[in-house]
Structures are given as C-alpha cells and as structure tokens.
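Asks: Could you look at this predicted model? Sequence included:
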Amino acid sequence: MAELITVDGIQYYFDPGQIAAISDRDPSTGNATTCVFGLSPSGYLRVEESVQELMSRVKVASKFGKLTRADGASIWVNASLVSSIRSRAASDRKDVNSVVFSPSGPFFLKDIPANVSKALRICD
C-alpha cells in the first residue's frame, strides 16, 4: 500500500494501480494543484505533491500516458484502467476531440483519438 495526504490533511492508504488519472489542475476551479482520480468516491483528491513527484514515489509513471484535457490542463491517464476511447460526439463541447472512459468517469480531451491511443499504447 502507498500513502498520500490531501491538502486538507486527510491520510489515504491505497493501491497505486487504482489511480485512474492525475491532473495538474483542479477541474472544478482551474487552480494549479495535483488532483488524483480513482481513489475516492467524491471524484478526486487534491494533494500538494507535483504529478511527477507522486508518480515517481508510488512507481506508476510507466503505466500512464500524458494527454490534454479539454480545458487545456495536462492529465496523465492510467492505460490499464481505460475501457474505451471515442471520438467527439455532437453533444460534446467544441473543444473536445475525444473521450476516455475509465472507472473514474469520462475524461474529455483535446487530443484526437489516434493520439490518445498512441499515448496510452492501447493499439500498438
């Protein structure tokens, strides 16, 4: 088990393989902070470590692909938890080019599906 402490001081012990994604910006506020998806039913946990420090410390960096959320923030997605990737649908915002589905919900991305697949090494 690995450990992290949220910006609110709450301690979590977790299986690093269950991290679905890590972003460098809070999707709700747009503030620069590391957000960890997949460990909490509330959506994500905010931590003070940088994305790189966290991934290095819990030894998961090789399992993640770096992508770009529709809002322009970087997001690292755990390829082993991705169930599917789809292209933009008519109902999506105009800045969305693809959507990645995982247990932590959909991630709306600027990247085109082929580049998402390549970044996640899904279709070699």
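Replies: Looks like it came in fine. Numbering: from 1, shown residues only.
Asks: Could you say which helix or strand holds F108?
Replies: Assigned by DSSP states H and E, F108 belongs to strand 105-109.
Asks: which residues are contacting that strand?
Replies: 21, 37, 43, 67-70, 75, 77, 92-93, 96-100, 116 (CB atoms under 8 Å, 6 or more residues apart in numbering). Every residue, glycine included, has its C-beta placed from N, CA and C.
Asks: same thing but 7 Å
Replies: 21, 67-70, 75, 77, 92, 96-100, 116 (CB atoms under 7 Å, 6 or more residues apart in numbering).
Asks: Just give the nearest non-adjacent residue to I19, would you?
Replies: Take I19 and drop its neighbours on the chain: the residue closest to it by CB to CB, 6 or more residues apart in numbering is G38, 5.1 Å away.
Asks: brain fart, K110
Replies: Computed as CB to CB, 6+ apart, the closest residue to K110 that is not its neighbour in sequence is T68, at 4.5 Å.
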